[in-house]
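Enquirer: Predicted coordinates and the sequence they were generated for:
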Amino acid sequence: MATPALDPARAAALALLAGVLSERMSLADQTAHPKGPFAECAPAERARAQRLATGVLRHLRTCDQMLGPHLRMPPYPAIHNILRLGAYELCALGEAPHGVVHAAVDLARAEDPQSRAPGLVNAVLRKVADLGPALWAAAPPAQLPKPFRKGLVKVWGNKTVIGFEAAHGAGAPLDLTLRDPSEAALWADRLGAVVLPTGGLRLSDAGQVSQLPGYAEGAWWVQDAAASLPARALGPVVGARVLDLCAAPGGKTLQLAAAGAQVTALDISDARVARLRENLARTGLAAEVVIADGLTYAAETPFDAILLDAPCSATGTIRRHPDLPFLRDLSDLSDLTALQAGLLDRAVGLLRPGGRLVFATCSLLPAEGEDQVAAALARHPGLAQVPLSDLAGSAAEWLTDTGALRLRPDFWAERGGLDGFFIAALAKPGYARFGHDSGSGTS
């Protein structure tokens with residue numbers, strides 16, 4: 001029997017699913033690999049493959065619920081993923097059953113032509129096509145993978161985590177930060193976007209980012225609304241020497257440069273720094289770029305302000321990275337929390353007396369947020385936390401008892417959600433008011 005011609009996007013989507021679920025490789029690593037699933041796909045097929053794979057990952061347990069009544073036991077992983085993909089297309093996307101079932105059978109036949117798998121796929125998906133769409137529409141948000149979910153429930157409780165799961169299933173719109181915030185209304189009109197309370201723009205159906213108005217001229221960059229807040233938490237930075245301590249890919253560096261700061265953008269990764277340089281070139285903004293280890297970096301002159309968006313578990317970004325819950329182990333964060341503490345201590349040492357330090361992580365876990373700041377205050381006598389209660393665009397429910405911001409994926413649900421973030425501002429002894437104390441160079 002001749003090998004069937006496979007739909008390239010579906011085949012690539014299955015390869016992506018196998019990479020995440022069996023090989024524990026992120027979607028980003030797979031799509032960037034020169035010999036990965038996308039190597040022979042046209043751009044449109046790549047985009048479709050990624051949409052299919054991310055959709056299945058967001059709704060994996062719901063896909064399995066659609067399949068479960070029609071399977072005596074789970075098939076082996078490759079066939080299971082073909083069934084999941086078919087269930088997602090039939091139930092979530094409403095694709096025509098004939099085309100979905102035919103394509104899935106071809107994929108199964110290519111996977112194992114001598115087995116009974118093609119017949120199984122055909123029979124199961126025909127049943128799913130009959131019953132699944134109505135069941136899917138009534139199903140609650142798919143639960144996150146059990147180990148990942150358990151770690152979040154321990155902190156937030158089941159009810160809140162259900163809200164996280166709803167945000168995870170819904171995905172994320174496209175948020176933009178403007179080089180010139182005063183042009184928000186202009187660009188909102190040109191892009192068909194809404195202006196957010198934080199001053200950025202939000203698009204619900206953006207399409208290809210590089211083809212949008214304003215991209216080529218660098219009028220904006222992609223940045224979740226939550227991720228735009230840490231740089232703003234530094235306060236006025238005009239003329240200030242500011243260190244962006246873990247800078248790549250550069251969204252916060254661009255914000256600080258656009259706000260008039262003299263920015264030193266530091267990162268340890270050559271590849272990530274290359275993206276930062278590209279973003280600076282596209283937007284026409286300037287920063288000193290340094291490739292170095294933040295734990296050992298030394299500067300001749302202390303900085304007026306430092307932004308430390310530290311490496312973390314990234315648990316707050318599940319709306320944008322549906323593969324992350326399948327890859328991240330929350331049972332032991334000791335290496336990450338030790339790195340965060342070391343970077344915090346180094347940042348304090350690089351900050352001038354009276355300067356402000358903002359510590360942020362895109363994490364939902366107190367060990368990477370509230371606990372880190374409490375420990376840093378204990379280690380550094382005189383260091384003080386500065387409340388962020390007056391940060392424009394923030395909401396009262398985001399504020400913690402200590403004056404930090406704790407953002408969650410279920411916030412702003414009516415607007416399309418937010419990434420989870422923890423943001424705290426700290427000041428060295430001598431602090432009066434950032435941007436106004438003598439010798440700050442920022443007034």
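Expert: Sure, I can see it.
Enquirer: Show me what the helix or strand of the chain with the lowest mean pLDDT is packed up against.
Expert: Ranked by mean pLDDT, DSSP states H and E, the helix or strand of the chain with the weakest confidence is helix 27-32, at a mean of 90. Packing partners of helix 27-32 (3 or more Cβ pairs under 8 Å, 6 or more residues apart in numbering; DSSP states H and E): helix 8-21, helix 43-58. C-beta: built from backbone N, CA, C; applies to glycine.
Enquirer: tally of neighbours for Val386?
Expert: For Val386, the number of neighbouring residues by other Cβ atoms under 10 Å comes to 19.
Enquirer: Spatially nearest residue to it (excluding sequence neighbours)?
Expert: Counting by Cβ to Cβ, 6 or more residues apart in numbering, Val386 lies nearest to Ala425, which is 4.1 Å off, once chain neighbours are set aside.
Enquirer: Are we agreed that that neighbour is in a strand?
Expert: Yes - assessed with DSSP: H, G, I helix; E, B strand; the rest coil, Ala425 lies in a strand.
Enquirer: what residue ranges in the stretch 301-443 of the chain score low on pLDDT?
Expert: Along the stretch 301-443 of the chain, the model assigns pLDDT under 70 to residues 431-443.
Enquirer: re earlier: please identify the buried residues of the least confident helix or strand of the chain?
Expert: Leu27, Gln30, Thr31 (16 or more other Cβ atoms under 10 Å).
Enquirer: quick check, Trp221 in a strand?
Expert: Yes - membership of Trp221 in a strand is supported by three-state DSSP.
Enquirer: from memory it sits against Gly284, does it?
Expert: No - using Cβ atoms under 8 Å, Trp221 is not in contact with Gly284, being 11.8 Å away.
Enquirer: More neighbours: which of these two?
Expert: Trp221 (24 against 12).
Enquirer: Look up how far Asp371 lies from that one.
Expert: Between Trp221 and Asp371 the distance is 31 Å, computed by Cβ to Cβ, to the nearest Å.
Enquirer: do His70 as well
Expert: 46 Å.
Enquirer: what lines up beside the helix or strand harbouring Arg356 in the sheet?
Expert: In this assignment (DSSP states H and E), Arg356 forms part of strand 351-361. Here strand 351-361 has these sheet partners by DSSP bridges: strand 303-309 (parallel), strand 421-427 (antiparallel).
Enquirer: just so I know, which of the ones you listed lies nearest Ser363?
Expert: Distance to Ser363, taken as Cβ to Cβ, is lowest for strand 421-427 among the strands paired with strand 351-361, at 6.2 Å.
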